[in-house]
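1. just need the structure, nothing else, for what follows:
(one chain, ligands or ions: 2)
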Amino acid sequence: MSTPIILTELNEPGLERLAQEVAFWLVPGDLLLLDGDLGAGKTTFARALIRALSGDDALEVPSPTFTLVQTYDTRRFTLAHFDLYRLEDPSELVELGLDQALQRGAAVIEWPSRAAAQLPPERIALTITESTSIDHRHVALTASRDIASRLARFADIRRFAERNGWGSPDTRLSYLQGDASARRYARLEKPNGARAILMDAPRQPDGPPIRDGKPYSRIAHLAEDVRPFVAISHALRASGFSTPEIFAHDLD
Ligand code: ATP
Ligand code: MG
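-> Ligands and ions are numbered 1, 2, ... in the order given. Below you'll find the predicted structure:
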């Protein structure tokens, strides 16, 4: 598992905002384990995650304590929400259909310790622990090796948003349907109505040389990172054209 990312003293809106950020990078096939004692906030987190994926703040998300699993066809993909607290035997997990759930979409599991040996090794683990204040929690996030780079990217984006004043618990982050590129977008919205678009544009590695020793990206003049976007936007603005204002950027 990767080195944990530790987030301290999150209030309830802070935990919900974290769920919105996780919703931004979760993809079909992901398995998210929610650890923590009774009343830690696992269902609170899962509810915020499912609402974010559904784009519906009022969506009913009951705790699956008795049904053991509840499935949601969200706007993005199907999400299965498991609670294994009442599982009598770990082998029952097969009947509950975790494998199918991961083929159809993503899965989030409360009380994964009840069936630890039955769970696939590729996972993201989120552990919620108590703080000295009753309405705050600490969170530790880790991921298996194949997912670790996505988790590191998430941590970078979180710091970037915080550093630039868009990271507070009451600033909503919602995924926006993007284009066919590797870029991903979210809308950020403050309670005072201020809005921004967050763009995650990973650097495009050069492919193999295909002509005159140059990779396709060079021949087609594709942007390999955000530098050209920022430069052209500034150049257009400086010439008096109207372009979206870049509030903040991180070229690296
Ligand atoms: P269980 O093991 O019974 O399923 P759970 O971990 O799913 O428990 P929740 O059902 O989410 O826990 O309950 C958490 C409770 O703690 C809620 O009533 C929530 O309002 C409250 N709470 C207070 N502060 C926080 C916080 N910072 N983050 C999350 N929940 C909080
Ligand atoms: Mg619960």
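
2. going by C-alpha atoms from here, please, whenever you check contacts or count neighbours.
-> Fine.

3. how about the strands in the stretch 151-252 of the chain?
-> 172-176, 184-189, 195-200, 209-211, 214-215 (DSSP state E, counting those that start in this stretch).

4. quick check, pLDDT for Pro208.
-> Per-residue confidence at Pro208 stands at 83 (pLDDT).

5. closest to Ser91 out of the strands of the stretch 151-252 of the chain?
-> Among the strands of the stretch 151-252 of the chain, the nearest to Ser91 by C-alpha to C-alpha is strand 172-176 (35.9 Å).

6. make CSV out of the strands of the stretch 151-252 of the chain and add mean neighbour count.
-> Converted to CSV, the strands of the stretch 151-252 of the chain look like this (neighbours: other C-alpha atoms under 10 Å):
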stretch, mean neighbour count
strand 172-176, 21
strand 184-189, 18
strand 195-200, 17
strand 209-211, 11
strand 214-215, 14
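
7. and these as TSV, adding distance to Ala46?
-> Listed next are these as TSV, based on distance: least, C-alpha to C-alpha, whole Å:
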stretch	distance to Ala46
strand 172-176	16
strand 184-189	19
strand 195-200	23
strand 209-211	45
strand 214-215	43
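
8. closest one to ligand 1 among these?
-> Proximity to ligand 1 (C-alpha to the nearest ligand atom) singles out strand 172-176 among the strands of the stretch 151-252 of the chain, at 16.2 Å.

9. what's the angle from that closest one to strand 184-189?
-> 150 degrees (axes from the mean of the first three to the mean of the last three C-alpha atoms, to 10 degrees).

10. what's strand 172-176 in contact with?
-> 17, 20-21, 23-24, 52-53, 55, 184-190 (C-alpha atoms under 8 Å, 6 or more residues apart in numbering).

11. tell me the one among the residues you listed nearest to His138.
-> Nearest to His138 among the contacts of strand 172-176: Arg17, at 13.8 Å, using C-alpha to C-alpha.

12. now do the contacts for the closest one.
-> If you count contacts by C-alpha under 8 Å, 6+ apart, Arg17 has them with Pro169, Asp170, Thr171, Arg172, Leu173.

13. so which of those residues reach ligand 1?
-> Among these, not one lies near ligand 1 by C-alpha under 6 Å from any ligand atom.

14. which stretches of the protein aren't confidently modelled?
-> Residue ranges of the chain with pLDDT under 70: none are present.

15. go with 90
-> 1-3, 66, 91, 94, 177-183, 202-226, 228-229, 244, 251-252 (pLDDT under 90).
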